[in-house]
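# fold the following.
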Amino acid sequence: MVKTTAKRVAIVCLAVLTCAAVGIQPRRGRERSRERDEAPARAPAPAAAPAAPRQRVGIAPRVETPRVPAPANELAPAAPGSSAAAPPVGIHRREGSENAPHRHYWHHLGGRRYSHYYDGRVHWYGYPRGADFWWTRPYGGYWWLYDGRYARWSYWSNGYWWWPGPGGVQYVFVNDGYYPYETARGLGRYATPVAGEDARGPWTSPDGRRLVEITGPEAQAVLFDKTATPPGYLRFLGAGAQRVRFSTGGAESLPTILVEFAGGGFALFDMDGRRLDANASAPAPSQAPRPPPMGELPPPPP
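The predicted structure is shown next:
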């Protein structure tokens, strides 16, 4: 046992001498323990990221937006059924973005409210008119209006709605009615009323500001201003007059004067006696446009 202990001591001494020879200082156990405590902790291994769930994304359906540009002189009217001026250019500009099918897009243009509606195939433009709702659409270079009361298509031209009637006869829509269009001798172009009743005058406008009287053997129609006392003369409207009618006007159209003449003609005037239909002209029957195919109309707005 003594020999074994002596051998171990000799081995330890030899190791100490060897370390001293090569410049290695032996460390004490307490120092080694402190170095272990001060050593930085090993960074944990990165956790595996959970696999992202696979989500199946369908391809969005392509929405076709056919655009039919209307000619600059054939814009949709401000109020269907009236001779009011057309609204400013730009009614088509929103078709590229307002293309959600079966939705009403409301706008104000020219002081009037209208709805842009896309049914998935056709862009419609609707106007409230009293208790009704009138739908228009561009087709074949014209604006067309579907008149549900008469179940017919009418097109907009030269400031009026025209109905291409049977037999090539063109009907003009004035004063809330359709009249066959023809030429009256000596007084320019007029329309012949489909039906009418003779009446006695004088006739006063609904607002009480204007009066038309037919006088003399030549049945001359004369317009007076009733705001003056006595009523003041404004304008001569024509000879051979038989009847006078005033439109109510209102929010949708300007009030007008319709004078019916002997021989079946009539003329349209504003409230100051200026002719409104002097420059109107109906296309020749052979050149009348064809109405769009009849399809399902947009639903009335909620």
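# which element, helix or strand, includes H116?
Using DSSP states H and E, H116 maps to strand 112-118.
# and this structure, what are its domains?
According to automatic domain parsing, the chain comprises the domains 64-176, 189-269.
# who wins for proximity to P289 among those?
domain 64-176 (5.2 Å; C-beta to C-beta). In this view, the C-beta of every residue, glycine as well, is placed from N, C-alpha and C.
# mean confidence (pLDDT) on that closest one, please.
Averaging pLDDT along domain 64-176 yields 71.
# do the same with stretch 221-237
87.
# other residues contacting it?
Identification of contacts with stretch 221-237 by C-beta atoms under 8 Å, 6 or more residues apart in numbering yields 204, 208-215, 220, 238-239, 241, 244, 257, 259, 267, 269, 272-274.
# mark which of those are part of helices, please.
Among those, no residue falls in helices (DSSP state H).
# which of those are buried?
204, 210-214, 238-239, 241, 244, 257, 259, 267, 269, 273 (16 or more other C-beta atoms under 10 Å).
# quick revisit: paired strands for the strand holding H116, with orientation please.
Its sheet considered, strand 112-118 pairs with strand 103-109 (antiparallel), strand 123-129 (antiparallel) by DSSP bridges.
# which positions in the first one come out as buried?
It stands for strand 103-109. Counting neighbours by 16+ other C-beta under 10 Å, strand 103-109 gives 104-105 as buried.
# same deal with the last one?
Using 16+ other C-beta under 10 Å as the test for burial, strand 123-129 gives 123-128.
# CSV for these, including distance to L109?
Below are these laid out as CSV (distance: C-beta to C-beta, whole Å):
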residue, distance to L109
H123, 15
W124, 15
Y125, 9
G126, 12
Y127, 10
P128, 13
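# now, which of these sits nearest H107?
Y125 (9.2 Å).
# put together JSON lines for the strands paired with strand 112-118, with distance to G141 on each row.
Listed next are the strands paired with strand 112-118 as JSON lines, based on distance: least, C-beta to C-beta, whole Å:
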{"stretch": "strand 103-109", "distance to G141": "21"}
{"stretch": "strand 123-129", "distance to G141": "15"}
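# closest to Y178 out of those?
Among those, strand 123-129 sits nearest to Y178 (C-beta to C-beta), with 15.9 Å.
# any weak-confidence spans in the stretch 201-302 of the chain?
Applying pLDDT under 70 to the stretch 201-302 of the chain flags the ranges 248-254, 264, 277-288.
# list the buried ones in the helix or strand L145 falls within?
Using DSSP H and E, L145 sits within strand 142-147. By 16+ other C-beta under 10 Å, the buried positions in strand 142-147 come out as 142-147.
# cool, stretch 154-174 as well?
Judged by neighbour count using 16+ other C-beta under 10 Å, the buried positions of stretch 154-174 are 154-157, 160-164, 170-174.
# so which of these sit within strands?
Counting by DSSP state E, the part of the buried residues of stretch 154-174 found in strands is 154-157, 160-164, 170-174.
# and the furthest pair within those?
So, these by C-beta to C-beta: farthest apart are P164 and V174, at 16.3 Å.
# quick one, grab the pLDDT at P180.
Reported pLDDT at P180 in the predicted model: 67.
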